[in-house]
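J.: how does the following fold in three dimensions:
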Amino acid sequence: MNKWSISGGTILTPDKSIKNGSIVIGNGKISKISSAGDNGPITIDAKKGVVVPGLINAHDHLLGTYYPKVANGPYINWLPWDNDLKSSPVYEERQRIENRDLYLLGAYRNLISGVTLVSDHIPHFVGDPFYDILPTKAVKKYALAHSVASFALAWGDGITEEYRKAVREDIPFVTHIAEGFDDETKQDIAVINQLGGLGDHSVFVHCIAFSDEDLNLVKQRGASCVWCGDSNMSMYNQTMDVKKFIDKGINLCIGTDSPMTGGENLLYEMKFDQMIYERIYGERLYDEAILKMVTVNPAKAFRQKNMGRIEEGAVADLCVFRDRGRSPAGSIVHAHLRDVMLVVIDGRPVYGDSNYANVFDELDVEYQRIVMDGADKIIIGDPVGLLRRISRAVGFKKEFPFLPIEFDI
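T.: Take a look at the predicted model:
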């Protein structure tokens, strides 16, 4: 692909911002960051935007992408929720859809919210056949367990071996942990520590029932944790004690979970988590801190050494958000779907405002014109065809609030 550039906006990393800057992209990488006048032969004008690293969704279940939510809680742990899900009419409806299309649905849900990388928590034999066909990227190399308790699903080769694999291959070990309030779940950290699954390759999701001693041990071992605030509140009417995680300096990330328990997308999740933090603690969680939880922090957690920040030589996963007149970070945290002006993955534009169509054309990127949340957009692939296939599978026009594309059947 030819060299090209994004020019004129505010370039933001968690460490610095450059006003009226320019990013030159080549061979899938950021080749140069400079003043706005130093552009490639093909240029996107981002003067009304804020340029940030592509957002990273630290926890999702792409196969579980559907709507509406199933949440008749509060639950004591995940198992009674799963029983409610499996017995619900919406689950029966979802089962009519091919796995490939559920994966595409989940990927488009992430892409239109500025997510360039998602952690899909699922066994490899389920997810691997689909990752290369998605319009956004998924973490491909990971070790995993479903969860820690005796009633966990049989994912992977056991906590001990999966963590050894993570260390050996320098990949993340991902598991749900302390997701609930029963006596067994409250012992999750002690159990996983005894099994050798607690260390700096661990990525722990939910972490609701952590004690102070658990937090100290997690910090000492260098594990990362994932906050899914909306999903937690829907299922348990409680979430992790986030302030303690922040105060202890634990590497904290934000994930959406699936939309059958969580929020619409990562943009919604950031706003929800900021709101619930202020409600619980009576103080504000700053936009800059939240932005780190969807960029540099998950890049560290998932061992993505060339992602999560804008710097020369990094992977060119980038997003341009409309400048909403707030601080640069505030333009991202408070953005809505129509504010996502451009998404770039591996140096290739994949989604954006329709007025960028000439740049997509010059770069030989095929796209579909859509109306997204009332705004004219262009996007790779065929999400309209996807929504039509889903509607045919379920027998009526199925619409999703997390993918508000206009279509007919």
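
J.: contacts, neighbours, all on C-alpha from now
T.: Will do.

J.: longest helix anywhere in this protein?
T.: helix 266-281 (DSSP state H).

J.: now the element after that helix, going C-ward?
T.: Counting by DSSP states H and E, the next helix or strand C-terminal to helix 266-281 is helix 287-293.

J.: what comes up buried for that following helix?
T.: Asp287, Glu288, Ile290, Leu291, Lys292, Met293 (16 or more other C-alpha atoms under 10 Å).

J.: for the helix or strand just after it, packing partners?
T.: As assigned by DSSP H and E, the chain's next helix or strand after helix 287-293 is helix 296-301. Contacts defined by 3 or more C-alpha pairs under 8 Å, 6 or more residues apart in numbering; DSSP states H and E place helix 296-301 against strand 55-60, strand 251-254.

J.: what is the mean pLDDT for the longest one?
T.: Read that as strand 55-60. The pLDDT scores in strand 55-60 average 98.

J.: now do that strand against helix 266-281, angle only.
T.: 70 degrees (axes from the mean of the first three to the mean of the last three C-alpha atoms, to 10 degrees).

J.: partners of strand 55-60, with directions?
T.: Using DSSP bridges, strand 55-60 pairs in its sheet with strand 115-120 (parallel).

J.: roughly how far is the strand it pairs with from the heart of the chain?
T.: Computed by C-alpha atoms, centre = their mean, to the nearest Å, the chain-centroid distance of strand 115-120 equals 5 Å.

J.: quick one: contacts of that strand?
T.: 54-62, 110, 127, 136-139, 266, 317-318, 343-345 (C-alpha atoms under 8 Å, 6 or more residues apart in numbering).

J.: quickly list what the residue nearest the centre of the chain is bridged to.
T.: For the chain, the residue lying nearest the average C-alpha position, counting by C-alpha atoms, centre = their mean, turns out to be Asn57 (1.3 Å). Beta-bridge pairing for Asn57 (DSSP bridges): Val118.

J.: ok, back up a step: got the CA coordinates for the longest helix of the chain in CSV?
T.: Extracted in CSV, the C-alpha atoms of helix 266-281 (Å, rounded to 0.1, in the frame of the first residue of the first chain):
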residue,chain,number,x,y,z
LEU,A,266,-16.7,0.4,24.2
LEU,A,267,-17.8,4.1,23.8
TYR,A,268,-20.8,3.4,25.9
GLU,A,269,-18.8,1.5,28.4
MET,A,270,-16.3,4.3,29.0
LYS,A,271,-19.1,6.7,29.8
PHE,A,272,-20.9,4.2,31.9
ASP,A,273,-17.8,3.3,33.9
GLN,A,274,-17.0,7.0,34.5
MET,A,275,-20.6,7.6,35.7
ILE,A,276,-20.7,4.6,38.1
TYR,A,277,-17.3,5.5,39.5
GLU,A,278,-18.6,9.0,40.4
ARG,A,279,-21.8,7.5,41.8
ILE,A,280,-19.9,5.1,44.1
TYR,A,281,-17.0,7.3,45.2
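
J.: who's in contact with it?
T.: 57, 110, 113, 115, 228-230, 242-243, 254-256, 263, 283-286, 290, 332-337.

J.: likewise stretch 196-207?
T.: Against stretch 196-207 from outside (C-alpha under 8 Å, 6+ apart): 59, 159-160, 162-163, 166-167, 170-179, 189, 192, 218, 221-228, 232, 239-240, 301-302.

J.: which members of those are positioned in helices?
T.: Checking the contacts of stretch 196-207 against DSSP H, those in helices are Ile159, Thr160, Glu162, Tyr163, Ala166, Val167, Ile189, Ile192, Val218, Arg221, Asn232, Ala301.

J.: farthest-separated two in the residues you listed?
T.: The span of the ones in helices among the contacts of stretch 196-207, defined through C-alpha to C-alpha, is set by Val167 and Asn232 at 29.4 Å.
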